[in-house]
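Asks: missing the sequence, but the structure's below:
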């Protein structure tokens with residue numbers, strides 16, 4: 001059995017996460033039991049939600065255990081199988097974690113699924129045709145429910161989730177405005193993804209200036225907002241929301257290091273009769289087949305574009321993850337393991 005390199009959570013962050021919170025460990029891969037499958041991971045997904053699990057605090061998911069493999073989505077290939085459903089060479093996605101190999105119980109419901117890479121790259125099943133894509137689809141379609149002609153705004157617009165939100169909204173006939181960090185990302189969002197406008201939030205110092213920048217490109221106000229960031233961007237958008245606007249609350253990365261991020265004008269929810277709903281996409285598995293079918297079709301036909309930042313080797317995962325939290329990635333952040 002192969003030697004397996006893993007990344008464990010060694011200690012919990014105090015404030016911002018740092019590389020020394022993680023530890024690289026080498027272990028022997030155990031022999032397979034009946035119904036088990038050995039998967040060699042080709043790609044590891046790095047996602048903002050992982051930062052919250054590093055804390056030992058109340059959340060929607062259990063805290064990451066210390067001294068154990070960091071959890072995370074993986075895409076790979078079956079290299080040994082003792083389960084009739086899985087054959088050597090099958091392409092699969094699951095939650096294998098920050099390691100080169102995983103042993104999976106083939107009978108465990110939802111632990112792993114086979115994927116077709118004929119027209120869709122394997123890596124896309126961790127992005128546009130995976131959890132981030134379904135997150136975008138659910139938040140937009142089921143919570144925001146935009147109508148043609150409405151204005152949709154999305155933060156972290158060049159990222160794995162935001163980029164899909166904007167493209168789906170454009171396909172529904174909406175005006176779409178993004179927030180992204182830097183001129184290169186904003187240029188990509190407009191020129192490649194087809195957004196109507198993109199605001200470089202790094203060029204503005206506070207919510208007031210962000211408000212004016214948004215007002216300039218969304219003069220008719222905002223009907224739907226897909227929230228990934230929080231902080232000053234949320235305040236700016238709230239001030240621009242139209243009556244009966246809808247907000248899908250996906251993430252608030254501005255507060256992931258434990259510093260409170262207050263909303264400065266909560267009265268706007270009443271004044272504009274706004275609806276904001278937080279959601280966790282794993283709690284809506286009944287919608288995944290519909291979402292994945294639509295997203296897969298769009299990616300396979302080239303109608304849904306995506307971009308990836310790829311770090312090389314399992315040892316690069318901690319620094320790549322820290323870069324993701326500070327916005328250094330451009331598109332979906334992955335680690336290539338093979």
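Replies: Looks like it came in fine. Model, not experiment: these values are computed from the prediction.
Asks: Assign a three-state SS to the residue nearest the centre of the chain, would you?
Replies: The centre of the chain sits closest to residue 132, judged by CA atoms, centre = their mean, with a distance of 4.2 Å. State at residue 132, reduced to three classes by DSSP: H, G, I helix; E, B strand; the rest coil: helix.
Asks: Check the gap between it and residue 14 for me.
Replies: Counting by CB to CB, to the nearest Å, the gap between residue 132 and residue 14 amounts to 29 Å. The C-beta positions use only the backbone N, C-alpha and C, and glycine is treated the same way.
Asks: how near is the residue nearest to the centre of the chain to residue 12?
Replies: 25 Å.
Asks: rewinding a little: how about the contacts made by the residue nearest to the centre of the chain?
Replies: 47, 126, 159, 160, 161, 164, 332 (CB atoms under 8 Å, 6 or more residues apart in numbering).
Asks: rerun that using 7 Å as the cut-off
Replies: By CB atoms under 7 Å, 6 or more residues apart in numbering, the contact set of residue 132 is 160, 161, 164, 332.
Asks: Can you report how many residues lie near the last one?
Replies: Meaning residue 332. 28 (other CB atoms under 10 Å).
Asks: what's near enough to touch it?
Replies: Residue 332 neighbours (CB under 7 Å, 6+ apart): 127, 132, 160, 306, 308, 309.
Asks: Please name the bridge partners of it.
Replies: Beta-bridge pairing of residue 332 under DSSP bridges involves residue 308.
Asks: ok, back up a step: now for the contacts of residue 332: which two are most distant?
Replies: With CB to CB as the measure, no two of the contacts of residue 332 lie farther apart than 132 and 309, at 13.0 Å.
Asks: which regions of this protein lie under the pLDDT threshold?
Replies: Scanning the chain for pLDDT under 70 picks out 254-258.
Asks: where exactly do the helices run in it?
Replies: Taking DSSP state H as the criterion, the chain carries its helices at 49-53, 131-138, 162-171, 183-191, 207-217, 232-240, 267-271, 288-300, 317-325.
Asks: Is it possible to get JSON lines of those helices that adds distance to residue 154?
Replies: Shown next, in JSON lines, are those (distance: least, CB to CB, whole Å):
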{"stretch": "helix 49-53", "distance to residue 154": "17"}
{"stretch": "helix 131-138", "distance to residue 154": "9"}
{"stretch": "helix 162-171", "distance to residue 154": "5"}
{"stretch": "helix 183-191", "distance to residue 154": "9"}
{"stretch": "helix 207-217", "distance to residue 154": "12"}
{"stretch": "helix 232-240", "distance to residue 154": "10"}
{"stretch": "helix 267-271", "distance to residue 154": "19"}
{"stretch": "helix 288-300", "distance to residue 154": "16"}
{"stretch": "helix 317-325", "distance to residue 154": "18"}
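Asks: Can you check which of the ones you listed gets nearest to residue 148?
Replies: With CB to CB as the yardstick, what comes closest out of these is helix 162-171 (10.0 Å).
Asks: The closest one: how far from the chain's middle?
Replies: Distance of helix 162-171 from the chain centroid (CA atoms, centre = their mean, to the nearest Å) equals 14 Å.
Asks: try stretch 149-164
Replies: 12 Å.
Asks: Report the buried residues of it.
Replies: Using 16 or more other CB atoms under 10 Å as the test for burial, stretch 149-164 gives 150-164.
Asks: Pull up the distance across it, start to finish.
Replies: End-to-end distance of stretch 149-164 (CA to CA, to the nearest Å): 18 Å.
Asks: any idea which of the buried residues of stretch 149-164 is the one closest to residue 280?
Replies: Nearest to residue 280, judged by CB to CB, of the buried residues of stretch 149-164 is residue 161 at 13.1 Å.
Asks: Run through the bridge partners of residue 7.
Replies: residue 24.
Asks: residues contacting it?
Replies: Per CB under 7 Å, 6+ apart, neighbours of residue 7: 22, 24, 70, 98, 314, 317, 318.
Asks: go with 8 Å
Replies: Applying CB under 8 Å, 6+ apart, the residues near residue 7 are 22, 23, 24, 25, 69, 70, 98, 99, 314, 315, 317, 318.
Asks: Just put these in CSV and tack on distance to residue 181 and neighbour count.
Replies: Listed next are the contacts of residue 7 as CSV, based on distance: CB to CB, whole Å; neighbours: other CB atoms under 10 Å:
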residue, distance to residue 181, neighbour count
22, 25, 22
23, 30, 15
24, 30, 14
25, 34, 15
69, 31, 19
70, 25, 24
98, 25, 27
99, 31, 23
314, 27, 20
315, 27, 13
317, 22, 24
318, 21, 23
